[in-house]
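> structure here, sequence nowhere to be found:
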């Protein structure tokens, strides 16, 4: 390997995996205690995230993450409005599951790291994601069906699945 190949491979790795900031389990390069946390809700495991003030037991934030979405939470130290009670700032956003990066546009002041706790609970798994609005619908009308479906017939516009080979 020459000297130019190794930096190119490193740059390629960083750009392909380094931009995946909001993934459950964290980013492989920038994950740490100061990085954003991602909680993804699926049809099998819908999640609820609760932020508690451990000094009083008060629930400060409760989010039932919709199925097919993910909640991203990031805490910024010393950015709150009260040095004693709420010295930190919590930034958060709900994204679709396929989004890897984006701005966190919601915020609230929260207690410091020693006085808060995030609880993640699982809801009953009988929820489903809402269907995509612009998905193709089933064709039931005769006028909407392809030519090969009618009595007169016509050329099929799909490959034969029993053939097994591309033509």
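Structure received. Here the structure is a predicted model, which means the values were calculated and not measured. Residues are numbered from 1 along each chain as shown.
> now do stretch 101-117, average pLDDT.
Mean pLDDT, stretch 101-117: 94.
> show me the contacts for residue 55.
Contacts for residue 55 (CB atoms under 8 Å, 6 or more residues apart in numbering) come out as 111, 115. Bear in mind the C-beta positions are built from the backbone N, C-alpha and C, glycine included.
> now do it against residue 111, distance only.
When CB to CB, to the nearest Å is the yardstick, residue 55 and residue 111 sit 7 Å from each other.
> how about residue 78?
13 Å.
> overlap of the contact sets of those two?
Shared contacts of residue 78 and residue 111, counting by CB under 8 Å, 6+ apart, come down to 87-88.
> have a look at these two and say which one is more surrounded.
Per other CB atoms under 10 Å, whichever of residue 78 and residue 111 has more neighbours is residue 111, with 24 against 9.
> list the contacts of the closest residue to that one other than its chain neighbours.
In space, and not counting its chain neighbours, residue 111 is closest to residue 53: 5.4 Å by CB to CB, 6 or more residues apart in numbering. Contacts for residue 53 (CB under 8 Å, 6+ apart) come out as 60, 111, 115-116.
> name the spans of the protein whose pLDDT lies under the cut-off.
By pLDDT under 70, the weakly predicted segments of the chain are 1-2, 8-20, 25-33, 127, 135-144, 157-167.
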